[in-house]
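Undergrad: prediction below, plus the sequence it came from.
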Amino acid sequence: MTEEVIQLVDASDSPSVIQTSWFRDYLSRLSRSSNSSKVALAVGSRAVLKYINKGLSDSQGEPVTGLVVGAVQSGKTASMVAVSCLALDEGFNIVVIVSGTRTSLWRQTLNRALRVS
């Protein structure tokens, strides 16, 4: 995602960026994040969900899967939770997050995801 794209979308000017209940609530809980970080998260998460929806329409009933990879502290969990919130807002009934190879890491992800609910 380029800086140019992020600057074009400002949450205060674009109600479509923050319009849903799960997602809106999640963003409101990110009190330590800057507005530009929240906008970047919104733009990126919507792009991922668009990709998932395309995969669903092309899959003919087959499962659609994805993988999140990134450096330590790069926002992977925030992105997964944001995409999950958007999916729930769009009518998905179930979200499955498989996370980590260490108990401490998957507990951390679970706790972060549960704070949204």
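TA: Done, it's in. Numbering: from 1, shown residues only.
Undergrad: what is the burial count for Phe23?
TA: Number of residues near Phe23 (other C-beta atoms under 10 Å) recorded here: 27. All C-beta spots, glycine's among them, are computed from the backbone N, C-alpha and C.
Undergrad: correct me if wrong: it contacts Ser84.
TA: No: judged on C-beta atoms under 8 Å, Phe23 makes no contact with Ser84 at a distance of 9.3 Å.
Undergrad: need the contact list for Leu27.
TA: Ile18, Lys38, Leu41, Ala42, Ala82 (C-beta atoms under 8 Å, 6 or more residues apart in numbering).
Undergrad: make JSON lines from those and add neighbour count and secondary structure to it.
TA: Formatted as JSON lines, the contacts of Leu27 follow (neighbours: other C-beta atoms under 10 Å; DSSP: H, G, I helix; E, B strand; the rest coil):
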{"residue": "Ile18", "neighbour count": "16", "secondary structure": "coil"}
{"residue": "Lys38", "neighbour count": "19", "secondary structure": "helix"}
{"residue": "Leu41", "neighbour count": "24", "secondary structure": "helix"}
{"residue": "Ala42", "neighbour count": "22", "secondary structure": "helix"}
{"residue": "Ala82", "neighbour count": "25", "secondary structure": "helix"}
